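Peer 1: The following block contains a protein sequence and its predicted model.
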Amino acid sequence: MFPVRGAYLFGVMLTIPFDNSYGRLPERFYTRMPPKPVAAPALVALNLPLARALGIDPEALASPEGVEVLAGNSVPEGADPLAQVYAGHQFGGWAPQLGDGRALLLGEVVDRDGVRRDIQLKGSGPTPYSRMGDGRAWLGPVLREYLVSEAMHALGIPTTRALAAVTTGQPVLRERALPGAVLTRVASSHIRVGTFQYFAARGDVEALEALTAHVIARHYPEAEGPLGLLDAVVAAQARLVAAWLGVGFIHGVMNTDNTGVAGETIDYGPCAFMDRYEPGKVFSSIDTFGRYAYDRQPDVMIWNLAQFATALLPVMGEDREAAVEKATEAVHRFPELFLEAWVSVFRAKLGLAGAEEEDELLIHRFLGLMAEGQADFTNAFRALGGPAARDQFVSPEAFDAWEAEWRARLARDPGDAAAILAGANPAVIPRNHRIEEAIAAAVSGDFGPFERLGRALARPFEERPEFADLRRPPEPGEEVRQTFCGT
Ligand code: AMP
Ligand code: MG
């Protein structure tokens, strides 16, 4: 008799099953404070499957009460909002005091898979760590992070997620007035290398011990002590950077405060997927010297991990010399772990299941051909094995010779090459010009392109005819040459 949806008239009760742990760490880890309300919140994106995975009713999140929560206008039952403090090396320069300058951790939930997840509002107003910033975000970077982080997830790469985006009804002043927005970000944690550095720099051994114990329990329960933690993070980051390279991803700001200890991709600022393959490619407007170029990412990660190791030294035992030696060894394992992961990623991209000594060379020669032949990174891999493969190169003859060798190698391989190729080489990636197009439309009120791009990116390995245009590389006039920090 009574329609179920009728309950909506009375407001669907929003319950978020919070189970907070970070707020139990000592008070010097954060500043507890509520978000700052905004004028006129409106929901523009909601991630239904993620909401369900977190045990949150999407309908309740979309209700007026839910939108108030997503905008920071009301604090839900069980939340314990706080801004986390951290430090970090930015472009190699030490910043002793950073932190959530425009974000607040609402709290944590244990998801359907038993994984503890942070729920964070980004763009929720100033905090004691805002420095000169306004604590806000504008719609562009919010939609960009939404699209790219969800694309990363669909590509099978560890990442923070996007649960929702709301506009605030308030302008944010950048070079001009832009629509303000808040992103709800979900992460297995927001603990960074820079969080450890913050306490190490202050000689706060007690805090380092508490943080180490928290991170081990939360992310690496099998790890033994700080050295075990270091080993685990080194391994996780080796896999992560290899996965980035496999999809042509350039993080853009691999500062130590943007390096998560859980091994997830975090902080989508001036990041970009490259179109044409250029090993030294840089997009970020502020990365003048290419510190974070595509092919420098493994080396930069070693540098970041060396900072992590240094920060852990005070909790690695009395014998300083022995600790330094062990920590150094752990960091020095990165190149080997990375290479192993990288070869395995690119073997799959060539459709190979087995392993042969010469595979690494075969991969490098293909990449060399792509660089010389100005091939589109994504499309050249996706085209492998098909009739259009040679058309991806300016000089197809060089490709023909390589292809013959590749086919000989495939003939010796035990795997189902077609299936491996299709599962390792995405058809659709978030191309910069498409993201910019979606943002421009959204700013003028049309969220159609944003939603369409999101639908395509949710199943990136499928060639769906309705999204064929999204696979096309940019025309010269469409090419995005620079990306900007998400401030
Ligand atoms: P990011 O470049 O996003 O990694 O930010 C570096 C630092 O600047 C972090 O501590 C941020 O919280 C802070 N920050 C960035 N943008 C803003 C902003 N609009 N308002 C306040 N703090 C910000
Ligand atoms: Mg950051």
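Peer 2: Sure, I can see it. Ligands and ions are numbered 1, 2, ... in the order given.
Peer 1: Report the strands that pair with the longest strand anywhere in the chain, each with its relative direction.
Peer 2: Longest strand in the chain, counting residues (DSSP state E): strand 161-173. Applying DSSP bridges to the sheet, strand 161-173 is found paired with strand 42-46 (antiparallel), strand 177-187 (antiparallel).
Peer 1: buried stuff in it?
Peer 2: R161, A162, L163, A164, A165, V166, T167, T168, V172 (16 or more other C-beta atoms under 10 Å). Using the backbone N, CA and C atoms, a C-beta is placed for each residue, glycine as well.
Peer 1: before we move on, what about stretch 38-45?
Peer 2: In stretch 38-45, counting by 16+ other C-beta under 10 Å, buried: V38, P41, L43, V44, A45.
Peer 1: ok, now how distant is the third one from ligand 1?
Peer 2: Yep, that's L43 we're talking about. Note on L43: its distance to ligand 1, by C-beta to the nearest ligand atom, to the nearest Å, is 22 Å.
Peer 1: bridging residues for that residue?
Peer 2: V166.
Peer 1: How much space separates it from ligand 2?
Peer 2: Distance of L43 to ligand 2, computed by C-beta to the ion, to the nearest Å: 25 Å.
Peer 1: Can you read off the pLDDT for that residue?
Peer 2: As predicted, L43 sits at a pLDDT of 98.
Peer 1: show me what contacts it?
Peer 2: L43 makes contacts with A62, G66, V67, L70, A164, A165, V166, as judged by C-beta atoms under 8 Å, 6 or more residues apart in numbering.
Peer 1: which one of the residues you listed is nearest F249?
Peer 2: Closest approach to F249 among the contacts of L43 (C-beta to C-beta): A165, at 21.3 Å.
Peer 1: ok so, going back, turn the contacts of L43 into JSON lines, columns for distance to ligand 1.
Peer 2: Listed next are these as JSON lines, based on distance: C-beta to the nearest ligand atom, whole Å:
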{"residue": "A62", "distance to ligand 1": "27"}
{"residue": "G66", "distance to ligand 1": "25"}
{"residue": "V67", "distance to ligand 1": "22"}
{"residue": "L70", "distance to ligand 1": "18"}
{"residue": "A164", "distance to ligand 1": "19"}
{"residue": "A165", "distance to ligand 1": "16"}
{"residue": "V166", "distance to ligand 1": "17"}
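Peer 1: Give the buried residues for stretch 106-119.
Peer 2: Neighbour-count burial for stretch 106-119 [16+ other C-beta under 10 Å]: L106, G107, E108, V109, D111, R116, R117, D118, I119.
Peer 1: I'd assumed the last one was in a helix, is it?
Peer 2: Going back to what we said before, that points to I119. No: in this structure, I119 is strand, not part of a helix, as judged by DSSP: H, G, I helix; E, B strand; the rest coil.
Peer 1: which residue ranges form the strands in the stretch 1-150 of the chain?
Peer 2: 30-32, 42-46, 82-90, 93-99, 103-110, 116-122, 137-138 (DSSP state E, counting those that start in this stretch).
Peer 1: To A187, which of those strands lies closest?
Peer 2: strand 116-122 (4.8 Å).
Peer 1: What average pLDDT does the closest one get?
Peer 2: 98.
Peer 1: Contacts only, for P58.
Peer 2: L46, L48, A51, R52.
Peer 1: how much space between it and L46?
Peer 2: 6 Å (C-beta to C-beta, to the nearest Å).
Peer 1: which residues are common contacts for those two?
Peer 2: By C-beta under 8 Å, 6+ apart, no residue touches both P58 and L46.
Peer 1: Would you mind finding the longest helix in the protein?
Peer 2: helix 225-246 (DSSP state H).
Peer 1: Which elements pack onto that helix?
Peer 2: Counting contacts by 3 or more C-beta pairs under 8 Å, 6 or more residues apart in numbering; DSSP states H and E, helix 225-246 packs against helix 205-219, helix 297-312, helix 320-332, helix 334-349.
Peer 1: In a strand, V428, correct?
Peer 2: No: V428 is assigned coil when assessed by three-state DSSP, not a strand.
Peer 1: so what pLDDT did it get?
Peer 2: What the model reports for V428 is a pLDDT of 98.
Peer 1: My read is that L105 contacts P81, right?
Peer 2: Yes: counting by C-beta atoms under 8 Å, P81 is a contact partner of L105 at 6.8 Å.
Peer 1: Report the contact partners of E451.
Peer 2: Taking C-beta under 8 Å, 6+ apart as the test, what E451 contacts is A45.
Peer 1: measure it to ligand 2 for me?
Peer 2: Taking C-beta to the ion, one finds E451 at 27 Å from ligand 2.
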